[in-house]
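Student: need the 3D shape of this:
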Amino acid sequence: MIAPTAAVERAAVATAVGRTVAATTAKRATETRAAKKPPAVSVPQRTYASAAGERPLSAAEVFLDVSPATRVLSLWKRGGRTGSGNGLTRTDARGIARTLPYQTVRVFLREQFRCAPSEEEIARAIELPDSGICGFGMDPAYRNRDSIAAVAGAVSSRRATLASQIAGDVSRYLPEARAWKKVRIWFVIASQTMFDAVSLRASADGDSVPVILINLTDVLSYGDTTAERLETLEHVLAHEVFHAGLRQAEAPLPGWADYRDNSLPDFAYIRRVMVDEGVAHYIDWRERPGSDSLFTWKPSSREAFAFSQLATACRRLKQPGAARGDLIEILQLAGTGPLWSKYGAISGMFAAHRIEAALGRKVLRLAVEAGPDEFLRTYRQVASRNPRLSGIPAELITQQ
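Tutor: Residues are numbered from 1 along each chain as shown. Presented below is the predicted three-dimensional model:
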């Protein structure tokens, strides 16, 4: 309430016959409170019955396997840069190239980067790091093989602790499910800068069991020491396991029924990214060093920029006559590209933060469970109570 000035009070006394200043002030205070009362927030509710035996993702479902990387390191220890010269290391390299983890890397590279190396070309690149092929330029990894071995060894020695930490971080925000498939995390060695971590729906043999690929060549960029790299890696793993877990948990959830197709309408795709990538980024970044300057009471410049870019993207998608290629590029930037330019992922990350800060972790998890429509409606209600927060473009709000 803003107190009336003395001049206003004197005018009220002079003109309001039979009224006291106290009565006038009280009336104004009542009117001010009524005008500024924020709208109520409706908390997401389950609209379906819980399945018996639902439980959170546990450490038992998180399987970390460093052997795809250590097999390559072992081969390099025996053959160096030039191989054994007697065919033995080439035979071993072929065996590595045929394993399911590296077959899965091949499929991923072909689908995402149009890299299509043959099995024999991958075997040659593994045995002879100087040779290289698309997706398997192994010279940087060979030069840093001792550092890669140190990270692989640290992951192996802390496997149980890591699995428990990851499952704990993820299950805070992931809906529960009646049954979980194991999430396989394969640590591989591949080209530098092509990818560091990716979550896939299945391996190359189509077994429908979730797979996460971690490229240890790129993990070296996470810090200067093994400890620093491992600390960041824990956050990245939780990020990817959330994706793998959500794909399982969403299957029976009504609020996700319109968001399971591989090809979604433009605005539906952005809504999905804001939850799937947004909450994954929130899990990833909420406890990283410096997060206290990122998730602040007053919106940071990162937060304001993300929502500004979100609004700009929605306006551009509505423009008539835009070339489909331009629209596809706009959509891709929602969840891929430079970190702070991923307008869907980063605005979703801050939306998750605002929901948890205002309404609590349980409400955020319920909003995720209820699906993208309810997640965005919940954030919009939170933002309506705080004029500092950015709104959600109308195109992203579906009618109930």
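Student: element containing the residue minimising distance to the centre of the chain, please.
Tutor: In the chain, the residue lying closest to the centroid (CA atoms, centre = their mean) is A280, at 2.8 Å. Using DSSP states H and E, A280 sits in helix 266-285.
Student: give me the buried positions along the helix or strand following that helix.
Tutor: For helix 266-285, the following helix or strand on the C-terminal side (DSSP H and E) is helix 301-318. For helix 301-318, burial by neighbour count (16 or more other CB atoms under 10 Å) applies to R302, E303, F305, A306, F307, Q309, L310, A311, A313, C314, L317. C-beta coordinates here come from the backbone N, C-alpha and C atoms, glycine included.
Student: redo those as TSV? Include distance to H239.
Tutor: Listed next are the buried residues of helix 301-318 as TSV, based on distance: CB to CB, whole Å:
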residue	distance to H239
R302	17
E303	19
F305	21
A306	17
F307	21
Q309	21
L310	20
A311	25
A313	22
C314	25
L317	26
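Student: with these in mind, which one is nearest to A323?
Tutor: L317 (12.2 Å; CB to CB).
Student: in this structure the closest one contacts F267, no?
Tutor: Yes. Distance between L317 and F267: 7.1 Å, which falls inside the contact criterion (CB atoms under 8 Å).
Student: so for stretch 156-163, what's the average pLDDT?
Tutor: Averaged over stretch 156-163, pLDDT sits at 98.
Student: which outside residues touch that stretch?
Tutor: Contact with stretch 156-163 is made by A59, A60, V62, F63, L64, V66, T70, V155, L230, E234, L237, as judged by CB atoms under 8 Å, 6 or more residues apart in numbering.
Student: kindly recompute the last result at 10 Å.
Tutor: 58-67, 69-70, 154-155, 164-165, 183, 185, 187, 230, 233-234, 237-238, 241 (CB atoms under 10 Å, 6 or more residues apart in numbering).
Student: ok, stretch 391-400 next?
Tutor: With CB under 10 Å, 6+ apart, stretch 391-400 has contacts from 258, 266-268, 270-271, 274, 307, 310-315, 317-318, 344, 347, 351, 371-374, 376-377, 379-380, 383-384.
Student: now the residue lying closest to L73 once chain neighbours are set aside: which helix or strand?
Tutor: Nearest non-adjacent residue to L73, counting by CB to CB, 6 or more residues apart in numbering: A149, 5.3 Å away. Per DSSP H and E, A149 falls inside helix 145-157.
Student: show me what counts as buried in whichever helix or strand comes after that helix.
Tutor: Heading C-terminal from helix 145-157, the first helix or strand you meet, by DSSP H and E, is helix 159-171. Going by neighbour count (16+ other CB under 10 Å), the buried part of helix 159-171 is R159, L162, A163, Q165, I166, A167, D169, V170, S171.
Student: could you give the angle of the helix holding A149 to helix 159-171?
Tutor: 80 degrees (axes from the mean of the first three to the mean of the last three CA atoms, to 10 degrees).
Student: list phi and psi for M194.
Tutor: Torsion angles at M194 (phi, psi; degrees, to the nearest 10) stand at phi -80, psi -40.
Student: heads up, I number from 763, so please use that
Tutor: Sure, I'll start numbering at 763, so the last one becomes M956.
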